[in-house]
Each structure stands twice: as C-alpha cells, then as structure tokens.
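Novice: this is a predicted model, with the sequence first.
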Amino acid sequence: MEHARKKTAKPYSPEFRERAVQLAMEHRDVHQSEAAALTAISGKLGCSPDGLRAWVRQAQRDGGERPGQTTAEKARIKELEREVRELRQANEILKKASAYFAQAELDRPLRK
C-alpha cells in the first residue's frame, strides 16, 4: 500500500541554508541559549527557528558532531529504496509474464 507523501517545498537555497547554519554556530555563545540564538537569527533571516534548528542538527550530523544519518547516507538510503521499489515492480511483471506463458503452454494443443 502506497503512503500519501506530503510534498514540502524547499524555498531556501543550499547556500542560504549553509550561511544560516554558519551564523547560528558563530552566534550561539552570544545568546543565553541555543534556542534564543536560533530564534534571533531566524527572525533576521526570515526563516523559522525550527527549520534553522533542523539545518543546524543536520550540519552537526554531517560534521560528525552529532549521531545520526548524514546527508549522504540519507541520499544513499533513498536511492536504494527507489531501486528496491523498481526491482519489486520488475519482479511482479516477470511473475505475471511467466504465469501467462505457462498457461498459454498448457492451453496449446498437443502434437501427435
């Protein structure tokens, strides 16, 4: 059963995200807490604090500072899942074709 997937727009360029993460990392010591830093910086940049937090967390995972899947690992998993889906579809087609030809062989009149 196919799950409905929510399409999320990515209105911010990779360069914007990278710069926003850099600013958040540079200014986290200036604020009382990381949350305060993210709120202040995101307000100035026009993005959400939660979005900026997610970008920072992913950058930390990519840099080995935080456990979890890196961006490259996520991309690889996504590619492998797509490949598995395609192989399953091909397998189903082959099963149906095999059954069709086996039935055609049974329905064929015998030669004498």
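Specialist: Nice, I can see it.
Novice: does anything pack onto the helix ranked longest in the chain? Which helices or strands?
Specialist: For the chain, the longest helix by residue count, based on DSSP state H, is helix 71-107. Where contact means 3 or more Cβ pairs under 8 Å, 6 or more residues apart in numbering; DSSP states H and E, helix 71-107 is packed against helix 49-62. All C-beta atoms are positioned from the backbone trio N, CA, C, and that covers glycine.
Novice: now tell me what touches the helix it packs on from outside.
Specialist: 12, 17-18, 20-21, 24-25, 35, 38-39, 41-43, 45, 66-72 (Cβ atoms under 8 Å, 6 or more residues apart in numbering).
Novice: now that helix, how far from the chain's geometric center?
Specialist: With Cα atoms, centre = their mean, to the nearest Å as the basis, helix 49-62 stands 14 Å off its chain's centre.
Novice: now that helix against helix 71-107, angle please.
Specialist: With axes from the mean of the first three to the mean of the last three Cα atoms, to 10 degrees defining the directions, helix 49-62 sits at 90 degrees from helix 71-107.
Novice: mind listing what's buried in helix 49-62?
Specialist: By neighbour count on 16 or more other Cβ atoms under 10 Å, the buried set for helix 49-62 is 49, 51-53, 55-56, 58-59, 61-62.
Novice: select, from the residues you listed, the two members most distant in space.
Specialist: Pro49 and Asp62 (20.2 Å; Cβ to Cβ).
Novice: just for the chain, where's the confidence low?
Specialist: 1-10, 111-112 (pLDDT under 70).
Novice: apply 80 and report the result again.
Specialist: 1-10, 108-112 (pLDDT under 80).
Novice: quick check: can you list the domain ranges of it?
Specialist: According to automatic domain parsing, the chain comprises the domains 11-68, 70-112.
Novice: deepest of those domains, which one?
Specialist: Highest mean neighbour count of the domains of the chain: domain 11-68, a mean of 15 (counted as mean count of other Cβ atoms under 10 Å).
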